[in-house]
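Colleague: Give me a 3D structure for the following:
(one chain, ligands or ions: 1)
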Amino acid sequence: MITSDPFDRTLVPAGLLACDLEELADRFGTPLFVYDEDFLRARCREYVRHFGAGNVAYASKAFLCTAMARLVDQEGLNLDVATGGELAVALNAGFPPSRIVMHGNNKSDGEITAALGAGVGTVVVDSLDEIERLDRAVAHGATAPRILIRVTPGVEAHTHEFVETGTERSKFGFSIASGAALDAVRRTASSHLSVAGLHCHIGSQIYRLDSYRRATEIVVGFAVEAERVLGVTVEELDLGGGLGARYLTDDPDVPLADYAGALHGAAAGRRVTVEPGRSIAGPAAVTLYRVGTVKHVDEVGTYVAVDGGMSDNPRPVLYGAGYEAFLPRRIDEARPLEATVVGKHCEQGDVVVAGARLPEGVRAGDLLATPTTGAYGYSMASNYNRVPRPAVVFVRGGEAREVVRRETLDDLVRLDRP
Ligand code: LLP
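Modeller: Predicted structure coming up:
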């Protein structure tokens, strides 16, 4: 690619290219998360088409609010929650508990009680302590959920080590290789609980289908062993989430058909379920920022500072994640300027886009957008430096509705005791 090429429009969903982002920024303020609702719905439907209704649970950690929970419900997906907080938001939105899958490597007694009390349909167990606690609760009269045992296949996912979860050193799940997984199935099957299936999540932001194939084969092999040795029936293989999203022009866009083909091909005819988060929510949104200052530093380069930063997108700081940037008003112009887009936080590491390409003459007051910010952006946002968290808007058919309001300065002290 010639570096001054215009921005690659294919990184932005059609519904957002068609709307007036400048007008949205004026109306709702910046920074602002703007989602293309039709894109979200289309992506949900595509997943259901490839895996079947009842076999897809949206991973709410990627992005959750009341409107998102309702959208996922309307599209017929199940919902993966990993904490009592995600569970509470889902239930408050009216999400049917029977279609909720409860995760967590350290579920508290309170979270277990809340999940069982609400009638959560499926619990993915991650430790022997948890199996004991669930067993006790059911022995004391709680309705038994379907139980999936989280297993670790010992497979590398070729992604950032912070989000790689299927290797032998993982804090998640029970190792197949060590025998811990078989022991966990044995303990569950001999309790008041029964084993409905196995769960395996090898990591996040993964493009390589061979990692998925390998993990699935190992899990299938283990299912066969558990059935033979313990007489259980593994009726479901939940193969987690993790499919990568396209952030940069040069990133691949892995077709869902290929991903589904890889999993089904390796699953030897067994029922496969998945838990996508990023690949549904990530590409659906852009973040809009207002440029506040442009600073040229001798021998270093140009800093373009925007009115957000690591408080609305910590991914560059946490994982060195790369993003593209564009100026909505000048989206098709050449981009000869190389700049570092930075935030307003008190850290040198507060980078929004390293090595951004921008049109010449970018200046204070310009609107700047970053694509593919729909997953793990708002959901990991903080109030660092007491910066209020942004608003979130869903756009559909040219109409925008605010689904999460912007925090106010009053919100910043609402938890403080006088
Ligand atoms: N299932 C389980 C058990 C998970 O732990 C996760 C993500 C998912 C499904 C959904 O994965 P996805 O399809 O979204 O990749 N904050 C990091 C990502 C952490 C992922 C945690 N688990 C990031 O911003 O890259």
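
Colleague: Tell me who's in contact with the residue positioned nearest the centre of the chain.
Modeller: Centre of the chain computed as the mean C-alpha position; nearest residue by CA atoms, centre = their mean is residue 62, 2.5 Å away. By CB atoms under 8 Å, 6 or more residues apart in numbering, residue 62 lies in contact with 277-278, 280-282, 374-376, 379. Every residue, glycine included, has its C-beta placed from N, CA and C.

Colleague: How many residues are close by residue 298?
Modeller: If you count neighbours by other CB atoms under 10 Å, residue 298 ends up with 5.

Colleague: And the one 4 residues further on, by the same measure?
Modeller: Counted with other CB under 10 Å, residues neighbouring residue 302 total 16.

Colleague: try residue 361
Modeller: By the criterion of other CB under 10 Å, residue 361 has 11 neighbours.

Colleague: Distance check, it against the ligand.
Modeller: Distance, residue 361 to the ligand, using CB to the nearest ligand atom, to the nearest Å: 33 Å.

Colleague: and that residue, helix, strand or coil?
Modeller: Under DSSP: H, G, I helix; E, B strand; the rest coil, the three-state class of residue 361 is coil.

Colleague: Let's see the pLDDT reported for the residue nearest to the centre of the chain.
Modeller: For residue 62, the pLDDT comes out at 98.

Colleague: Just read off the phi/psi values of it.
Modeller: phi -70, psi -40 (degrees, to the nearest 10).

Colleague: Please apply the same query to residue 223.
Modeller: Note on residue 223: backbone dihedrals following degrees, to the nearest 10 are phi -60, psi -40.

Colleague: tell me the contacts of the closest residue to it other than its chain neighbours?
Modeller: Nearest non-adjacent residue to residue 223, counting by CB to CB, 6 or more residues apart in numbering: residue 234, 4.0 Å away. Shown in contact with residue 234 (CB under 8 Å, 6+ apart): 195, 197-198, 223, 226-227, 270.

Colleague: Show the model's pLDDT score for residue 234.
Modeller: With respect to pLDDT, residue 234 scores 98.

Colleague: in a strand, that's where it is, yeah?
Modeller: No: Residue 234 is assigned coil when assessed by three-state DSSP, not a strand.

Colleague: circling back: among the contacts of residue 62, which are in reach of the ligand?
Modeller: By CB under 6 Å from any ligand atom, the members of the contacts of residue 62 lying near the ligand are 277-278, 375-376.

Colleague: Save the residues you listed as JSON lines, and put in neighbour count too.
Modeller: Shown next, in JSON lines, are the ones next to the ligand among the contacts of residue 62 (neighbours: other CB atoms under 10 Å):
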{"residue": "277", "neighbour count": "26"}
{"residue": "278", "neighbour count": "25"}
{"residue": "375", "neighbour count": "26"}
{"residue": "376", "neighbour count": "25"}
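
Colleague: which one among those gets closest to residue 203?
Modeller: Distance to residue 203 across the ones next to the ligand among the contacts of residue 62 (CB to CB) is lowest for residue 278, with 11.1 Å.

Colleague: Please list the residues of the stretch 1-150 of the chain that sit near the ligand.
Modeller: 59, 61-62, 80, 103.

Colleague: Is it possible to get those out as TSV so that each row also shows secondary structure?
Modeller: Shown next, in TSV, are those (three-state DSSP):
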residue	secondary structure
59	strand
61	helix
62	helix
80	strand
103	coil
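
Colleague: Looking at the contacts of residue 234, which are in helices?
Modeller: 223, 226-227 (DSSP state H).
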